[in-house]
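> below is the structure, and that's it, no one-letter string:
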């Protein structure tokens with residue numbers, strides 16, 4: 001592995017950690033951490049936990065490597081004591097036979113893959129064109145932020161009852177500078193949302209969703225290009241994103257010039 005490739009992998013993986021850490025630390029400020037957010041570091045690895053959201057999105061270990069083999073029992077106990085299973089995301093650069101053997105011994109198995117993508121940015125390189133001009137993109141203001149929860153829950157097929165919860169947990173992010181939220185409209189109708197997180201010189205495509213009736217109309221392409229231009233304007237050197245392996249989201253990012261940095265191996269409890 002070249003030093004350049006290893007450096008790019010490190011940048012992408014650190015961006016994954018930074019986005020989730022910033023998100024959960026801000027959510028923890030709501031109602032005296034009523035959601036039960038906890039983070040614990042084990043060297044370069046970070047165990048993320050949100051007690052009131054038992055799913056894998058926020059309850060996962062990132063940055064794990066062979067250097068953490070002696071930490072694995074304590075990491076598993078961290079989740080077990082909170083009544084939830086641990087989940088590990090292992091990048092190829094951090095993988096080792098000993099790490100996988102130890103995870104297997106503890107009752108974990110490789111359950112899937114998750115793709116991380118990146119694109120170097122340059123202020124003199126134009127952002128790729130081709131977005132449908134019928135798609136209009138604008139920032140979502142705090143005053144109109146309720147629209148985010150509506151589109152997010154619709155786009156991800158979540159119950160409507162989750163709308164206010166999603167709105168509140170993201171509005172606290174929108175109140176801080178690193179986060180920017182975008183609304184996509186088609187023919188004047190709200191069609192989708194996109195989120196960008198910027199730290200140092202790395203911009204992350206943090207979330208994106210299109211409501212079912214406006215899919216296949218170029219909404220995601222337009223949202224990616226708008227956020228990419230924002231990243232260039234901010235002087236960022238890299239744009240990164242994550243997507244389910246082989247998904248439509250991955251293909252949309254690749255069409256916008258992002259390349260696969262690596263594919264995480266996801267390990268869950270048997």
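Yep, that arrived. On a predicted model such as this, the values are computed, not experimentally measured, just so you know.
> apart from its neighbours in sequence, what residue is nearest residue 75?
residue 47 (5.5 Å; Cβ to Cβ, 6 or more residues apart in numbering). The C-beta positions use only the backbone N, C-alpha and C, and glycine is treated the same way.
> could you report the neighbour count for that neighbour?
A count of neighbours around residue 47, defined by other Cβ atoms under 10 Å, yields 24.
> for residue 262, see how far away it is.
According to Cβ to Cβ, to the nearest Å, residue 47 stands 21 Å off from residue 262.
> the helix or strand where the residue nearest to residue 75 lies - contacts with which helices or strands?
For residue 47, the host element (DSSP states H and E) is strand 45-50. Contacts defined by 3 or more Cβ pairs under 8 Å, 6 or more residues apart in numbering; DSSP states H and E place strand 45-50 against helix 3-27, strand 37-42, strand 61-62, helix 72-80.
> quick one: residue 221 from residue 251, how far?
10 Å.
> so who does the closest residue to residue 24 other than its chain neighbours touch?
Take residue 24 and drop its neighbours on the chain: the residue closest to it by Cβ to Cβ, 6+ apart is residue 37, 4.8 Å away. Counting by Cβ atoms under 8 Å, 6 or more residues apart in numbering, residue 37 touches 24, 25, 27, 28, 49, 50, 51.
> run the last query once more with 7 Å
24, 27, 28, 50 (Cβ atoms under 7 Å, 6 or more residues apart in numbering).
> ok, and the most crowded of the residues you listed?
Going by other Cβ under 10 Å, residue 50 tops those with 23 neighbours.
> please report how far the residue nearest to it when sequence neighbours are not counted lies from residue 20.
Once flanking residues are discounted, residue 50 sits nearest to residue 58: 4.2 Å by Cβ to Cβ, 6+ apart. As defined by Cβ to Cβ, residue 58 lies at a distance of 7 Å from residue 20.
> any common contacting residues for those two?
Contacts common to residue 58 and residue 20, judged by Cβ under 7 Å, 6+ apart, are residue 48.
> hang on, residue 268 packs against residue 112?
No. Counting by Cβ atoms under 7 Å, residue 268 does not reach residue 112; the two are 8.0 Å apart.
> okay, those two: which has more neighbours?
Remark: of residue 268 and residue 112, residue 268 carries more neighbours, 17 against 14, as counted by other Cβ under 10 Å.
> who has more neighbours, residue 221 and residue 251?
Using other Cβ under 10 Å, the more surrounded residue of residue 221 and residue 251 is residue 221, with 19 against 12.
> and the more buried one, what pLDDT?
pLDDT, residue 221: 94.
> can you give me the strands for the stretch 51-200 of the chain?
Taking DSSP state E, counting those that start in this stretch as the criterion, the stretch 51-200 of the chain contains strands spanning 61-62, 87-90, 108-120, 135-139, 179-186, 189-199.
> in a markdown table, list those along with mean pLDDT and distance to residue 167.
Converted to a markdown table, those look like this (pLDDT from 0 to 100; distance: least, Cβ to Cβ, whole Å):
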| stretch | mean pLDDT | distance to residue 167 |
| --- | --- | --- |
| strand 61-62 | 98 | 26 |
| strand 87-90 | 97 | 26 |
| strand 108-120 | 96 | 26 |
| strand 135-139 | 96 | 16 |
| strand 179-186 | 98 | 11 |
| strand 189-199 | 98 | 11 |
